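# Could you look at this predicted model? Sequence included:
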Amino acid sequence: MVPSPYFAENSLILLKAGAFGLVLRQKRRVHIVPIVLFSVLLAGILAAAIYYFYFFHSTASGNLIQKQFQVENLDPDAKNGRLPGVPKDEKSPGEGMFSYRINPTPVFQSNGSGGDIKVQNPSFNRYLMVLEITVDGTDGTVYRSQYIAPNQYISSIDLQKQLPSGEYRATAYLNAVDAGTLDLVDTLTCPLEITVK
């Protein structure tokens with residue numbers, strides 16, 4: 001018999017010698033191709049499941065907003081996920097602590113648009129965020145966001161109050177808001193140096 005690459009061949013084996021002579025029995029052939037195909041398919045399914053879990057269900061890298069933070073008036077300019085350039089393994093500063101990221105030196109066009117504020121509410125936060133910016137020596141707020149959920153960021157903003165060209169000292173107020181009651185929990189401040197071209 002000529003060996004086939006598609007079958008595992010086994011020789012005849014002697015089972016027993018009896019009064020009626022030798023009884024021979026051939027072992028069953030094992031089909032290799034279906035086993036290999038099944039193994040490859042199983043490995044592919046496993047790899048796809050790992051990929052899906054890692055990229056779509058990881059809270060650190062995922063692009064999802066947890067259900068409790070899906071409230072009305074989320075900022076339409078906010079994008080889901082990590083701010084580009086932020087490390088994947090960013091850690092919480094501690095349980096119950098409120099953290100943020102913001103560019104302290106945003107630059108705006110002459111009409112007050114396109115300021116690279118790069119503000120982020122990290123995924124480990126337990127509060128919504130509202131960003132307010134005031135400029136020293138002016139009345140009122142020059143920018144106020146709507147709610148920014150944990151795992152969201154805003155890359156650029158347009159000032160809501162026109163400023164002449166120049167450099168300005170300003171303050172960012174990062175308000176932590178309870179998602180259930182929408183009550184203000186705390187406010188952090190960050191000094192800014194705003195440039196309007």
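Looks like it came in fine.
# On the three-state scheme, Glu167 is what?
When classified by DSSP: H, G, I helix; E, B strand; the rest coil, Glu167 comes out as strand.
# That one bridge partners, please.
Beta bridges link Glu167 to Thr195, judged by DSSP bridges.
# and it, how many neighbours?
11 (other Cβ atoms under 10 Å). (Each C-beta comes from the backbone N, C-alpha and C, glycine too.)
# and if you look at Pro93?
With other Cβ under 10 Å as criterion, Pro93 counts 11.
# so where is the protein shaky, pLDDT-wise?
1-30, 51-63 (pLDDT under 70).
# ok, which stretches of it are helices?
Ranges of helices in the chain, per DSSP state H, are 32-56.
# Do a quick rundown of the strands in it.
For the chain, applying DSSP state E gives strands covering 7-8, 12-18, 21-26, 30-31, 79-80, 107-108, 119-121, 128-135, 141-144, 152-154, 166-177, 184-196.
# Save those strands as a markdown table, and put in distance to Leu42 too.
What follows is these, written out as a markdown table (distance: least, Cβ to Cβ, whole Å):
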| stretch | distance to Leu42 |
| --- | --- |
| strand 7-8 | 20 |
| strand 12-18 | 32 |
| strand 21-26 | 30 |
| strand 30-31 | 16 |
| strand 79-80 | 33 |
| strand 107-108 | 54 |
| strand 119-121 | 40 |
| strand 128-135 | 43 |
| strand 141-144 | 54 |
| strand 152-154 | 38 |
| strand 166-177 | 47 |
| strand 184-196 | 49 |
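# most tightly surrounded among the ones you listed?
Of all these, strand 119-121 has the most neighbours on average by mean count of other Cβ atoms under 10 Å, namely a mean of 27.
# follow-up on the earlier one: quick check: which of the strands of the chain is nearest to Ile45?
strand 30-31 (21.0 Å; Cβ to Cβ).
# picking up where we left off before, quick one: which of the strands of the chain is nearest Pro93?
Across the strands of the chain, closest to Pro93 is strand 184-196 (Cβ to Cβ), at 11.7 Å.
# which non-adjacent residue is nearest Gly112?
Once flanking residues are discounted, Gly112 sits nearest to Leu159: 3.6 Å by Cβ to Cβ, 6 or more residues apart in numbering.
# I should have written Ile65 there, sorry.
That would be Ala149: by Cβ to Cβ, 6+ apart, it lies 4.7 Å from Ile65.
# Same question for Asn125.
Asn125 sits nearest to Pro150 (Cβ to Cβ, 6+ apart), 4.3 Å away.
# now Leu182
Val71 (7.1 Å).
# so who does the one you found touch?
Leu128, Tyr147, Ala149, Ala179, Leu182 (Cβ atoms under 8 Å, 6 or more residues apart in numbering).
# do Ile117 as well
Ile102, Asn103, Pro106, Leu131, Ile154, Ser155, Ser156, Ile157.
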